[in-house]
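> Sequence and predicted structure are below.
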Amino acid sequence: MLTVDEAFRKFKSRLELNDKEQANASARHNEVRDYLGTKFGIERSFLTGSYKRHTKTKPLKDIDIFFVLKESESHYRSKAPATVIDDFAKALVAKYGDKAVRKQSRSVNIDFGIVADAEDNTDYRVISIDAVPAFANGDDYEIPDTDTGKWIKTNPEIHAEKAVTAHQAYSNEWKGLVRMVKYWNNNSKHGEKPVKPSFLLEVMALQCLHGGWQGRFDYEMQGFFATLADRIFDEWPDPAGLGPAISNGMDAARKQRAQTLLRAASREATLAIDHGRRGRNGEALKAWRELFGPKFPLS
């Protein structure tokens, strides 16, 4: 039987992208990039978000691609942000069909019709991609936000740099812990994700995972859940210092629900640790799997 530490290391490995997944992701994002390049004047496009930062969890979906538009498309800047989102969506519907395309506040989602099985496996295939229209603004970027009706500044390259720094400062375990808590968030037993957007968990982790790696996944996760619960009502600014606070995506009611569920997760982690302390290794593994979901191994 696996020890708890071995199970966590296997869990961590299961959440990392393998060569087949990276190959499928590459084929899919290149397909979308090449297609949109025939419909819009695109200066350049690049992968961003949690996929680029290596904090994306399984199953693999919502891979972000920034499409930096040329000056010839600058007419969009004088129009409502919904206009460019609408036009991106129309172009993508022509290729992928109406049911596969969904407009979001800052991007357009393309669903490839891949369904994860009971163990969250997708036969190494990507479920979906998010296409994000953008304009360069010096070293930064502006993207549409249909929720506010404004163009907002961002810089995903700064986000990536901060993730690298945090990972190195945490004995190269930071990204693995972030993927684990994101996987918990995606597999909530209570329906809707407790924390939205998932990026908020990553932003909070820049501060909530502190003091350095102590060598035990079980204690790290218990403390991580507890600290997230304590600080979910804090304001969490954009790490790049450009756009609106990341925590603005949740109102007070959503934050209260998130705090309740994060505290419950911390208690479940405490009980799992207690099973291990009392020599009930099998019960400990079952408790951790119940907390995290099907990717956490029992053997």
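Received, thanks. All of these numbers come straight from a predicted model, not from anything done at the bench. Numbering: from 1, shown residues only.

> quick one: the closest residue to A100 other than its chain neighbours and V93, what's the gap?
Of all residues beyond its chain neighbours, the one nearest A100 is D111 (4.9 Å), with distances taken as CB to CB, 6 or more residues apart in numbering. C-betas here are computed from N, CA, C, even on glycine. Using CB to CB, to the nearest Å, D111 is found at 12 Å from V93.

> wait, the residue nearest to A100 sits on V126?
No - with contact defined as CB atoms under 8 Å, D111 does not count as touching V126 (10.1 Å).

> Among these two, which residue is more densely surrounded?
The neighbour count for D111 versus V126, taken as other CB atoms under 10 Å, is higher for V126 (23 against 16).

> how about the helices of the stretch 151-299 of the chain, start to end?
Shown for the stretch 151-299 of the chain, the helices assigned by DSSP state H, counting those that start in this stretch span residues 156-169, 174-186, 199-208, 217-231, 252-277, 281-292.

> Other residues contacting the last one?
Translated: helix 281-292. 1-4, 7-8, 11, 180, 183-184, 187, 218, 265, 268-269, 271-273, 275-276, 296-298 (CB atoms under 8 Å, 6 or more residues apart in numbering).

> related to what we said a few turns ago, tell me the pLDDT at the residue nearest to A100?
Note on D111: pLDDT of 96.

> And for K189?
Reported pLDDT for K189: 84.

> A89 too?
So A89 comes in at 98 (pLDDT).

> where's it, which helix or strand?
helix 81-96 (DSSP states H and E).

> any idea which helix or strand comes after that helix?
Next along from helix 81-96, by DSSP H and E: strand 101-103.

> On the secondary structure side, give me the element for the residue lying closest to F67 once chain neighbours are set aside.
Nearest non-adjacent residue to F67, counting by CB to CB, 6+ apart: S45, 4.9 Å away. Using DSSP H and E, S45 falls within strand 42-48.

> Domain-wise, how is this structure divided?
The chain breaks down by automatic domain parsing into domains covering 4-12+158-292, 18-154.

> Check the offset of the shortest one from the chain's centre.
Going by CA atoms, centre = their mean, to the nearest Å, the spacing between the C-alpha centre of domain 18-154 and its chain's C-alpha centre is 14 Å.

> what sits up against stretch 66-82?
33, 36, 40-48, 83-84, 87-88, 131-136, 141-146, 149-151, 156.

> Of all the residues in it, which ones are buried?
Buried positions in stretch 66-82, judged by neighbour count with 16 or more other CB atoms under 10 Å: 66-69, 73, 76, 81.

> Endpoints of it, how far apart?
With CA to CA, to the nearest Å as the measure, stretch 66-82 spans 17 Å from end to end.

> what's the following helix or strand after the longest strand seen in the chain?
In the chain, ranked by residue count with DSSP state E as the criterion, the top strand is strand 128-137. Next in sequence after strand 128-137, counting helices and strands by DSSP H and E, comes strand 140-145.

> From A269, how far out is the nearest residue to F11 once chain neighbours are set aside?
Sequence neighbours aside, F296 is the residue nearest to F11 in space, at 4.9 Å (criterion: CB to CB, 6+ apart). Between F296 and A269 the computed distance is 12 Å (CB to CB).
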